[in-house]
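>>> my questions are about this predicted structure, shown below with the sequence.
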Amino acid sequence: MSKFSELLKGYTDRSGVSVAALSKRCSIDRTTLHKILSGERRPPNEDFVVNLCRMLMLSATERDELIEQYEISLVGDDLYRRRRNVKTMIERLSEVGEKEYSSNTNAIYPVDLPKNGEVNVYLEKHDLLRQLYSAFIEAFENKNVVRIITQPGDDYVDFMRFAVGYYNGSEIRHIFCLDNSSGAGGANDYNLKILPRICEISAIYSNYHPMFYYDRVESHINESSLLPVLAVSDNFMFRAPFDVQSGIISSNPVSVDYSVRQFEKLEKKCYPLIERADDVSGMLGSNGDHHDYLYTIDSQPSFLLIGTEEGVRNNLILPPEQMDILVERMITVQKCYIGSDYFSAFTKKGLIRFMKTGIINGVRERMNKVLPPERRIWALKKMIESSEEGVYDFRLIESDCAPQKNLRINMGDDGTVYFVIRLKSGLVFLTVSEQSMRIAVEDYVNSLIENGKIYSRERSLEIMKRILAAEQELSGSS
């Protein structure tokens, strides 16, 4: 008997409702319900399970647990956990654009760092972090390269978020281990939990270079040296155990030089994780190569497919050379994707927001800051026409599965994942080609298609036409 069946039987017994009565309320054969309760048969669909929750008067927590166990019964624990981690990753990256990244300079009381080759030992985490913040501030002020070896836990992310207020473009090189084991706690779990943290740091630090090597993380931690956490710049060296509850900071030139050489030795075994660009030309590439995407997932449609040169030049604020690159690439994209398998997935909520406001995510208008109603209606008509004729494929995706307005995901035909993160300061483009993320994101999107969370072209057209009719009625146009 599965965990789902055990839970459902327990809730049914608790309710005091007979199987005969429950089957009648749920419009299902009594024998079939008996088999579902005994684990011999699966429920017909998730809607049936949701209806059962209502009939059995389950609490929200109980309902969520039962639905989760139902989904696990369909695909297995490992695959369910991997898909859930991708969904969580999307939610977390969507939130990055809403955050304010600045330091309260009064929150740190800068302290004097060890001088003249001193080595200071810190047994209290609070004292250690104060010294480490001061060391980072000094390194940033001097534009030193900062080299870090540590697993990117929540403490590391909190530290980097805080330190960004003092950042002035110094190069940061960060080495960490990604898991290559299978099963519970392996690559499906560990890598997908830490990769969003690295993407967040990559988004807020312009010269941050994360690098990784594969190993069994649990073995790696158990077999590492006494002080495996390392941070070293030109003038200081920091070492600590994994929990960073204590540590040492030294300005001894010999120790600093030895730590730099340790870092460089490990660096030769690593792969780069993320490529970052801050502008359109950087995102599109300077060599003229075009990324062939399998799909784009965003809260809004990919308007590049229906754009015109006049519309782009009138409505976007870009330096002339970037504008020319974007127009050229738009024309290439439109030609490349005609009749292809590529699709642009977006939410109904995002499309309605665009139709109501005229605001395109991440884009500002040169004059009015929003597209006028007639241009919005033109855009939606063009999308519908393109989909009906099979020129381009516009699909709707359920909101709880999609990125929010501050994130776009593109999947390349080689499995590379491209994130567009919309910060308050501007757009950041991240390219990730790490294997566990590539496999997980591709599987997640395929599961959305299979389960109807990404709608078919026909269903999407029906919804787009209803939205168009409503907007035309409001504006009095046709």
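Yep, that arrived.

>>> what ranges in the stretch 351-478 of the chain fall below the confidence cut-off?
362-370, 477-478 (pLDDT under 70).

>>> how about the helices in it?
373-388, 435-450, 457-475 (DSSP state H, counting those that start in this stretch).

>>> tell me the domain ranges of the chain?
The chain breaks down by automatic domain parsing into domains covering 3-75, 105-272, 277-475.

>>> including distance to Arg82 and mean neighbour count, could the ones you listed go into TSV?
In this view, the C-beta of every residue, glycine as well, is placed from N, C-alpha and C. Formatted as TSV, the domains of the chain follow (distance: least, Cβ to Cβ, whole Å; neighbours: other Cβ atoms under 10 Å):
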stretch	distance to Arg82	mean neighbour count
domain 3-75	9	15
domain 105-272	4	17
domain 277-475	5	17
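
>>> any idea which of these gets closest to Ile90?
domain 277-475 (5.4 Å; Cβ to Cβ).

>>> closest one to Tyr271 among the helices of the stretch 351-478 of the chain?
The minimum distance between Tyr271 and the helices of the stretch 351-478 of the chain falls on helix 435-450, with 9.7 Å, by Cβ to Cβ.

>>> possible to save the domains of the chain as TSV with distance to Val96?
Formatted as TSV, the domains of the chain follow (distance: least, Cβ to Cβ, whole Å):
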stretch	distance to Val96
domain 3-75	26
domain 105-272	5
domain 277-475	6
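
>>> tell me the SS of Arg82?
At Arg82 the chain is in helix, as set by DSSP: H, G, I helix; E, B strand; the rest coil.

>>> follow-up on the earlier one: tell me which of the domains of the chain lies nearest to Ser94.
domain 277-475 (3.9 Å).

>>> low-confidence ranges, this protein, go.
Ranges of the chain meeting pLDDT under 70: 101-117, 182-188, 220-225, 279-291, 315, 362-370, 477-478.

>>> could you find the closest non-adjacent residue to the residue located most distally from the centre of it?
What lies farthest from the middle of the chain is Ala20; by Cα atoms, centre = their mean that is 46.0 Å. Spatial nearest neighbour of Ala20, chain neighbours left out: Arg30 (5.4 Å); criterion: Cβ to Cβ, 6 or more residues apart in numbering.

>>> OK, contacts around the one you found?
19-20, 23-24 (Cβ atoms under 8 Å, 6 or more residues apart in numbering).

>>> how far away is it from Ile331?
From Arg30 across to Ile331, the span is 63 Å (Cβ to Cβ, to the nearest Å).

>>> so Thr133: helix, strand or coil?
Actually, residue 133 is Tyr. It isn't Thr. Under three-state DSSP, Tyr133 falls in the helix class.

>>> rewinding a little: got the helices of the stretch 351-478 of the chain as JSON lines, with distance to Leu266 columns?
Shown next, in JSON lines, are the helices of the stretch 351-478 of the chain (distance: least, Cβ to Cβ, whole Å):
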{"stretch": "helix 373-388", "distance to Leu266": "50"}
{"stretch": "helix 435-450", "distance to Leu266": "20"}
{"stretch": "helix 457-475", "distance to Leu266": "49"}
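
>>> so for Cys401, which of those sits nearest?
Closest of those to Cys401 is helix 435-450, at 5.6 Å (criterion: Cβ to Cβ).

>>> contact partners of that closest one?
75, 79, 82-83, 85-87, 178-179, 187-188, 191-192, 195, 295, 297, 397-398, 401, 409, 411, 415-417, 432, 453-454.

>>> need the helices for the stretch 151-300 of the chain, in chain order.
Under DSSP H, counting those that start in this stretch, the stretch 151-300 of the chain gives helices at 154-163, 187-204, 217-223, 253-267, 280-284.

>>> between those helices, which one is closest to Arg459.
So among these, helix 187-204 is nearest, using Cβ to Cβ, at 29.7 Å.

>>> output the contacting helices and strands for that closest one.
Applying 3 or more Cβ pairs under 8 Å, 6 or more residues apart in numbering; DSSP states H and E, we find helix 187-204 packed against helix 77-96, helix 154-163, strand 172-179, strand 208-215, strand 274-277, strand 417-423, strand 426-432, helix 435-450.

>>> I'd like these laid out as JSON lines, including distance to Ser251.
Listed next are the helices and strands packed on helix 187-204 as JSON lines, based on distance: least, Cβ to Cβ, whole Å:
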{"stretch": "helix 77-96", "distance to Ser251": "35"}
{"stretch": "helix 154-163", "distance to Ser251": "19"}
{"stretch": "strand 172-179", "distance to Ser251": "20"}
{"stretch": "strand 208-215", "distance to Ser251": "24"}
{"stretch": "strand 274-277", "distance to Ser251": "31"}
{"stretch": "strand 417-423", "distance to Ser251": "35"}
{"stretch": "strand 426-432", "distance to Ser251": "35"}
{"stretch": "helix 435-450", "distance to Ser251": "39"}
